[in-house]
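Novice: Next come a sequence and a model predicted from it.
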Amino acid sequence: MSGPDDVRLSFEADTRNIALARTVAAAMAARADLPIDQLEDARLAVDEAVSQIIVAAPAGAEVVCIMSAEPGSLSITVSAPGTQEPSRTTFSWTVLNALVDSLDAQLADGRLTFMLLIERADVDA
Amino acid sequence: MSGSTSWTEENRAREHELLRLLVTAVHDRAVIRDELVTMHLPLVRHLARKYADRGEPFEDLLQVGTVGLITAIDRFDIERGNELSTFAAPYITGEIRRHFRDKAWSVRVPRGLQELQAPLSAATERLTRELQRSPTVGELSAALNVPEDVVLDAMEARHSYSASSLDQELEAGTLALPSIDTALDRIDERETLGPLLEALSPRDRQIITRRFFDEWSQRQIADELGISQMHVSRILARTLEQLRAQLQEPAD
């Protein structure tokens, strides 16, 4: 269910659109009340996930990016048409994995989806 | 071809020869491409000149225009029978326009956002000390007495400043370089990535290694190197983009 702190972005699989997704990620991280170093991590993670999915997607495909902010946590899914699951041993996956608290990718109905979760690191939040 | 004065039959013959060679070349692609680029530099210069009075250094326009030319050469299909110059012109112009679009942000950063940079840095440093962690946008907004979206805009604006001026913040200092070999063992692209990481400046390599292999936070890295967390963040963004581009390049 979507609420006021859910945002859905849809755009063509073109690298020019990465900056858009990145900017929205920063705004959503602020809404999730993440400290700014984690906000910057969210930007980098979206940058990486969207880049990876654009490289794998057929030209002109639609990329859908959904971000949900809750107090202290930001969850992001990035999806596009795809035919194979990403390798878990690439540099890109290592980078993504270091930037987020939880990372998964799944292939279903011809779409590849990355699922990212960033949670506030400090407990006094 | 517009803009060049001496495009002889000889040039044309050589161009076609090079383009044909490029179709099958494996090892010499770069050499062949370089010659084609050189032949068409007058076209890049001609197109760049149209944008010369818009406040960007002409050298920069030539450089991005040349990127467009290279893309065009890579995508050109000799079998289609059209001229490379005709095919390349929109790529060259496209790159130059994109350069202006990308630049527009930093050029048009409103003065208010620029004036906010120093207070934003000061507030970030002070709150980080007080809270023992990075502040949130909400906390910065309260401290600076400006709306949250203005804080976000000011943070975004930092990313659009030229990297060179910001990079002067730190070059000195000796770094205890962590070994990247063990970290690389797990990575598919270690053969390519290793040399790319080696080629980074010691500081950039340190930051990449700490964040992605040791999984330190940006804050921890900033403390270790004695630089601001925003600076760490900019270096991460720039270096990642660079590595990604290099990893995607087909080795030829």
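Specialist: Cool, the structure landed.
Novice: hey, let's count contacts and neighbours off CA atoms from now on
Specialist: Fine.
Novice: Now the phi/psi pair for the nearest residue to A:T89 once chain neighbours are set aside, please.
Specialist: Of all residues not flanking A:T89 in the chain, B:I187 sits nearest, at 5.2 Å (CA to CA, 6 or more residues apart in numbering or on different chains). When read as degrees, to the nearest 10, the backbone of B:I187 gives phi -100, psi 130.
Novice: Contact partners for B:I187?
Specialist: Applying CA atoms under 8 Å, 6 or more residues apart in numbering or on different chains, one finds that B:I187 lies in contact with A:89-91, A:94.
Novice: Most neighbours out of the residues you listed, which is it?
Specialist: Using other CA atoms under 10 Å in any protein chain shown as the neighbour test, the contacts of B:I187 are led by A:F91, with 22 neighbours.
Novice: So that residue sits against B:D185, correct?
Specialist: No: applying CA atoms under 8 Å as the test, A:F91 and B:D185 come out as separate, 10.9 Å apart.
Novice: Where does chain A get nearest to chain B, which residue?
Specialist: A:P35 (4.0 Å; CA to the nearest CA).
Novice: pLDDT score assigned to that residue?
Specialist: pLDDT for A:P35: 95.
Novice: for the one 10 residues further on, same thing?
Specialist: If you check A:A45, the pLDDT there is 96.
Novice: From A:A121, how far out is it?
Specialist: Per CA to CA, to the nearest Å, A:A45 is found 16 Å from A:A121.
Novice: do B:G68 as well
Specialist: 43 Å.
Novice: who has more neighbours, the two?
Specialist: Comparing B:G68 with A:A121 by other CA under 10 Å, the one with more neighbours is B:G68, at 22 against 15.
Novice: Just the element for that one, please.
Specialist: helix B:58-75 (DSSP states H and E).
Novice: can you tell if that helix touches chain A?
Specialist: No: using CA under 8 Å from any CA of the partner chain, helix B:58-75 stays clear of chain A, coming no nearer than 14.9 Å.
Novice: Please state the mean pLDDT value computed over that helix.
Specialist: On average, helix B:58-75 scores 87.
Novice: Now do the phi/psi pair for B:K50.
Specialist: With angles defined as degrees, to the nearest 10, B:K50 sits at phi -60, psi -20.
Novice: what's next to the helix holding B:G68, contact-wise?
Specialist: Residues contacting helix B:58-75 (CA under 8 Å, 6+ apart): B:33, B:36-37, B:40-41, B:44-45, B:48-49, B:51-52, B:84, B:87-89, B:91-96, B:99.
Novice: and it, which residues are buried?
Specialist: Across helix B:58-75, burial judged by 16 or more other CA atoms under 10 Å in any protein chain shown covers B:61-70, B:72-73.
Novice: How about stretch B:18-38?
Specialist: Buried, per 16+ other CA under 10 Å, within stretch B:18-38: B:18-19, B:22, B:29, B:32-33, B:36-37.
Novice: Also stretch B:185-196?
Specialist: Under 16+ other CA under 10 Å, the buried positions of stretch B:185-196 are B:187, B:190, B:193.
Novice: any idea which element B:D34 lies in?
Specialist: Judged by DSSP H and E, B:D34 forms part of helix B:29-49.
Novice: For chain A, state which of the buried residues of stretch B:18-38 is nearest.
Specialist: B:R29 (23.4 Å).
Novice: Can you give me every residue that contacts the closest residue to chain A within the stretch 51-200 of chain B?
Specialist: Of all residues in the stretch 51-200 of chain B, the one sitting closest to chain A is B:T136 (4.0 Å; CA to the nearest CA). Going by CA under 8 Å, 6+ apart, B:T136 touches A:30, A:33-36.
Novice: Tell me the predicted confidence for B:V37.
Specialist: 90.
Novice: Likewise for B:S6?
Specialist: Confidence score, pLDDT, at B:S6: 61.
Novice: all helices of the chain, in order?
Specialist: No chain in the question, so chain A it is. Taking DSSP state H as the criterion, chain A contains helices spanning A:18-31, A:36-56, A:91-99.
Novice: hm, I was asking about chain B
Specialist: Going by DSSP H, chain B shows helices at B:9-24, B:29-49, B:58-75, B:84-107, B:111-131, B:137-144, B:148-160, B:163-167, B:181-184, B:190-198, B:202-208, B:218-225, B:229-248.
Novice: which bits of the stretch 101-250 of chain B sit near chain A?
Specialist: Taking CA under 8 Å from any CA as the criterion, the stretch 101-250 of chain B approaches chain A at residues B:133-138, B:149, B:152, B:156, B:186-189, B:211-213, B:215, B:217-219, B:229-230, B:233, B:237.
Novice: please redo it, this time with the cut-off set to 7 Å
Specialist: B:134-138, B:152, B:186-189, B:212, B:215, B:218-219, B:229, B:233, B:237 (CA under 7 Å from any CA of the partner chain).
Novice: Of those, grab the buried ones for ChimeraX.
Specialist: Buried residues among these (16+ other CA under 10 Å), as a ChimeraX selection:
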select /B:134,135,136,137,138,152,187,212,215,218,219,229,233,237
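Novice: on that earlier part again, out of the helices of chain A, which one sits most buried?
Specialist: Among the helices of chain A, helix A:36-56 has the highest mean neighbour count (mean count of other CA atoms under 10 Å in any protein chain shown), at a mean of 24.
Novice: any idea how far the residue nearest to B:S228 when sequence neighbours are not counted is from B:M39?
Specialist: Spatially, and ignoring its direct neighbours in sequence, B:S228 is nearest to B:A222 (5.5 Å; CA to CA, 6+ apart). Using CA to CA, B:A222 is found at 47 Å from B:M39.
Novice: Repeat that for A:S75.
Specialist: 51 Å.
Novice: Looking at those two, which one has more neighbours?
Specialist: Taking neighbours as other CA under 10 Å, A:S75 and B:M39 compare with A:S75 leading, 23 against 16.
Novice: tell me the contacts of the more buried one?
Specialist: Counting by CA atoms under 7 Å, 6 or more residues apart in numbering or on different chains, A:S75 touches A:67-69, A:116-118.
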